[in-house]
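Q: coords below, sequence missing:
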């Protein structure tokens, strides 16, 4: 059972990155224009139950999932708000842009849960990842080439970076969250979620660039150059870490800190654009927006990003 709260961020200079870095078009720190949306008052006091979709009965065997059982268990636990996870390793609804669970068939788990929630008066919001690793294996991408541009690319253009989720030994590929293709896709995911009968949408880990690493795809090369005037190849040495999260790795002593600082400024600019676009879609549909902000508390993250959503979750982790 989790709660919602507000906590002031305190950016620090991790990795020697200057939070005040401001090239001509860098992100304005804390510049998040408000909109006219008013979150529901009950959200401040909700008793939220978090449903984890990374294990059965959603992964690996969706066929075992029973929406009525989940909703009744949530009510029995004393919850009045359910965080349902229809996107994890796969989409558990018929998404047109996100890899769909192989066992889905004609089902839509969001609709199934929504009907049960409305039956008993339970509210729900839906989870979506925001750049966490996916099971885009080489064979899967070969059969679904539309996801080729989602993969993290090394300086030679080859996919790299494998992340092992705790508790599961299935290798997952890291994603290029800053590329044009993924950013367009995640916006469509938000529209798909908001088309359902739900109360809100939740985004996991904005600014958590440690889950991705640096991508050298054509889109990233072009857009980083336009933003900073620098060549992305100045950071090519980081690819030798094989996409390991930057915060978890020993960085080279001769690392080009000017280029790395510019990269974080660029990544934060895109994160700001993404979150504001997400908010426009979500609020425009009359729903609330929540995020997980564990990565907000490290100095390389978008400063004060917690001011964009209506609420957020902070978990006990290395960032806090």
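A: Nice, I can see it. All of these numbers come straight from a predicted model, not from anything done at the bench.

Q: does residue 82 count as helix, strand or coil?
A: strand (DSSP: H, G, I helix; E, B strand; the rest coil).

Q: Give me the nearest residue to it, chain neighbours excluded.
A: Excluding the flanking residues, the one nearest residue 82 by C-beta to C-beta, 6 or more residues apart in numbering is residue 124, at 4.3 Å. Heads up, the C-betas are built off the backbone N, CA and C, glycines and all.

Q: Just confirm that neighbour is within a strand.
A: Yes. Under three-state DSSP, residue 124 sits within a strand.

Q: how close does it sit to residue 109?
A: Distance from residue 124 to residue 109, counting by C-beta to C-beta, to the nearest Å: 11 Å.

Q: ok, now residue 191?
A: To residue 109, residue 191 is 18 Å away according to C-beta to C-beta.

Q: who has more neighbours, these two?
A: Counted by other C-beta atoms under 10 Å, residue 191 and residue 109 do not tie: residue 109 has more neighbours, with 22 against 14.

Q: pLDDT weak spots in the stretch 151-300 of the chain?
A: Residue ranges of the stretch 151-300 of the chain with pLDDT under 70: 164-170, 210-211, 242-250, 294-296.

Q: how about the helices in it?
A: With helices called from DSSP state H, counting those that start in this stretch, the stretch 151-300 of the chain shows them at 180-194, 218-228, 257-284.

Q: ranges for the strands of this protein?
A: With DSSP state E as the criterion, the chain has strands at 48-50, 81-84, 123-129, 162-164, 171-173, 200-204, 288-292, 311-313.

Q: Dump those strands to JSON lines, plus distance to residue 69 and mean neighbour count.
A: Listed next are those as JSON lines, based on distance: least, C-beta to C-beta, whole Å; neighbours: other C-beta atoms under 10 Å:
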{"stretch": "strand 48-50", "distance to residue 69": "13", "mean neighbour count": "20"}
{"stretch": "strand 81-84", "distance to residue 69": "12", "mean neighbour count": "24"}
{"stretch": "strand 123-129", "distance to residue 69": "15", "mean neighbour count": "22"}
{"stretch": "strand 162-164", "distance to residue 69": "30", "mean neighbour count": "15"}
{"stretch": "strand 171-173", "distance to residue 69": "28", "mean neighbour count": "17"}
{"stretch": "strand 200-204", "distance to residue 69": "22", "mean neighbour count": "24"}
{"stretch": "strand 288-292", "distance to residue 69": "24", "mean neighbour count": "23"}
{"stretch": "strand 311-313", "distance to residue 69": "24", "mean neighbour count": "21"}
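
Q: distance of residue 96 from residue 280?
A: From residue 96 over to residue 280 the distance is 20 Å, taken as C-beta to C-beta.

Q: same thing with residue 303?
A: From residue 303 over to residue 280 the distance is 21 Å, taken as C-beta to C-beta.

Q: Compare those two (neighbour count), which wins?
A: When neighbours are counted by other C-beta under 10 Å, residue 303 and residue 280 differ, and residue 303 comes out ahead with 21 against 15.

Q: Next one, pLDDT for that one please.
A: Looking at residue 303, its pLDDT is 85.

Q: Ok, the one 3 residues further on next?
A: Here the pLDDT value assigned to residue 306 is 85.

Q: And for it, the neighbour number?
A: Using other C-beta under 10 Å, the number of residues around residue 306 comes to 21.

Q: so it sits right up against residue 290, yeah?
A: No. Using C-beta atoms under 8 Å as the test, residue 306 is too far from residue 290 to be in contact (10.6 Å).

Q: anything in contact with each of those two?
A: residue 312 (C-beta atoms under 8 Å, 6 or more residues apart in numbering).

Q: The closest residue to residue 225 other than its chain neighbours and residue 261: what is the separation?
A: Computed as C-beta to C-beta, 6+ apart, the closest residue to residue 225 that is not its neighbour in sequence is residue 231, at 6.5 Å. To residue 261, residue 231 is 15 Å away according to C-beta to C-beta.
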